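S.K.: generate a structure from the sequence data that follows.
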Amino acid sequence: MDAGMSASPLIEARGLSKRFATPARLSDIFGVKRPDVFAVNKVNLSIEAGESVGLLGESGCGKTTTGRLLLKLIDPSEGDVLFDGAPISDLAGDALIAFRQRAQLVFQNPFDALNPRFTIERALAEPLVNTGVDSATHRDRVEKALAQVKLPPLARFEGLFPHQLSGGQLQRIVLARALVLEPAFIVADEPVSMLDVSVRAGVLNVMREVRSSLGLAALYISHDLALVRYVCSRTLVMYLGRIVEEGPTAELLKAPLHPYTRALIQAVPVPRVDQQRAPLPIMGNVSDARGRPKGCGFRERCPLALARCAEEEPQLRPIGAERRVACHIV
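M.R.: Sure, this is the predicted structure:
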């Protein structure tokens, strides 16, 4: 079975792909068609209720697009997303509103996520208004969410606007705004990357406690190994729109299998004293995502590449009970 190894995961992607047309350029005028960009390419993943999963990779590898596909903020070019066993592709009207209540996004930049003209109270109540929740329950829902993210009662924010709060407070407000709808699944896209190091730990502690106490399924999108190590029980590594490695977070970081994962660990300043495999030097930049490249998409940057890597695309396959890797070398 695919990631998650559950007969009935809360959220599941099957063969998920997303293509974007390359913008028209002068070459197109003369009949030279530029291939589409494959932001996400045949991704299979699943997340169980209450599970915390990391999606790790460099910028431009397709992580954010994957998260938006899972939340139906954009539609796939191919494949399906299932929520509670039912496809979300055809959701509309009341069914789509119900899905929006159960699946929420925690934005990367808290300074951009909130309307600067809305007071904090109005910003927190906005999701409830937009989804038609009974107005009589709004204040109780907001107060409950503020308490969950360890913020003072609403009265402390009366008349305040986003620019009057610190970055750490704003990120907790953004999390509280997602929680007012009492979701079952959240996607947190680089949730602390815009914050000072001094406040990141506090925000991550809150996110971990909230997810655990509420039994939320969560996907943390990040390039930060320290973040996934701290909050995620399982991690997926993405390169060029494809999942190249998956496994329990502690085991994956301690003994990475894919050359790309090994290179990532070398590139990010995290403690490496417990690693069982030597890091590898990564060469060049992220490969071109246009078209469907033959063979392994990482081969041009891989110091261990074989002749086979240029001809045959590696498939994600089991290694032991809980690990999967897409690599001919392993």
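S.K.: just for the protein, where's the confidence low?
M.R.: Applying pLDDT under 70 to the chain picks out residues 1-7, 24-33, 267-293.
S.K.: does residue 49 touch residue 184 like I think?
M.R.: Yes - using CB atoms under 8 Å, residue 49 is in contact with residue 184, at 6.8 Å. In this view, the C-beta of every residue, glycine as well, is placed from N, C-alpha and C.
S.K.: what about the two, which has more around it?
M.R.: Set residue 49 next to residue 184 and count neighbours by other CB atoms under 10 Å: residue 184 wins out with 19 against 15.
S.K.: would you list the phi and psi of residue 62?
M.R.: With angles defined as degrees, to the nearest 10, residue 62 sits at phi 110, psi 10.
S.K.: tally up the residues packed near the residue nearest to it when sequence neighbours are not counted, please.
M.R.: In space, and not counting its chain neighbours, residue 62 is closest to residue 241: 4.0 Å by CB to CB, 6 or more residues apart in numbering. By the criterion of other CB under 10 Å, residue 241 has 26 neighbours.
S.K.: residue 241 contacts residue 41, doesn't it?
M.R.: Yes - the criterion here is CB under 8 Å, and residue 241 meets it with residue 41 at 3.8 Å.
S.K.: mind listing the shared neighbours of the two?
M.R.: Common contacts of residue 241 and residue 41 (CB atoms under 8 Å, 6 or more residues apart in numbering): 17, 62.
S.K.: all helices in the stretch 101-250 of the chain, in order from the N-terminus.
M.R.: Ranges of helices within the stretch 101-250 of the chain are 110-113, 120-130, 138-148, 167-179, 197-214, 225-231, 249-254, based on DSSP state H, counting those that start in this stretch.
S.K.: between these, which gets nearest to residue 55?
M.R.: Among the helices of the stretch 101-250 of the chain, the nearest to residue 55 by CB to CB is helix 225-231 (8.4 Å).
S.K.: list the helices and strands that closest one packs on?
M.R.: strand 52-56, helix 197-214, strand 217-222, helix 249-254 (3 or more CB pairs under 8 Å, 6 or more residues apart in numbering; DSSP states H and E).
S.K.: starting at the chain centroid, how far to that helix?
M.R.: How far helix 225-231 lies from its chain's middle: 13 Å, per CA atoms, centre = their mean, to the nearest Å.
S.K.: could you do stretch 138-150 as well?
M.R.: Worked out by CA atoms, centre = their mean, stretch 138-150 lies 25 Å from the chain centre.
S.K.: and the residue nearest the centre of the chain, bridged to which residues?
M.R.: The residue lying closest to the centre of the chain (CA atoms, centre = their mean) is residue 221, at 3.0 Å. Beta bridges link residue 221 to residue 55, residue 189 when assigned by DSSP bridges.
S.K.: of all the helices and strands packed on helix 225-231, which one is nearest residue 106?
M.R.: helix 197-214 (8.0 Å).
S.K.: buried stuff in that closest one?
M.R.: Within helix 197-214, the residues that count as buried by 16 or more other CB atoms under 10 Å are 199, 200, 203, 204, 206, 207, 210, 211.
S.K.: tally of neighbours for residue 43?
M.R.: Residues lying near residue 43 (other CB under 10 Å) number 27.
S.K.: quick one: residue 236 from residue 72, how far?
M.R.: Plainly put, residue 236 is 20 Å away from residue 72 if you go by CB to CB, to the nearest Å.
S.K.: which of the two has more neighbours?
M.R.: Shown here are residue 236 and residue 72; by other CB under 10 Å, residue 236 has more neighbours (27 against 17).
S.K.: rewinding a little: dump the helices and strands packed on helix 225-231 to a markdown table, plus distance to residue 311.
M.R.: Converted to a markdown table, the helices and strands packed on helix 225-231 look like this (distance: least, CB to CB, whole Å):
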| stretch | distance to residue 311 |
| --- | --- |
| strand 52-56 | 28 |
| helix 197-214 | 43 |
| strand 217-222 | 32 |
| helix 249-254 | 28 |
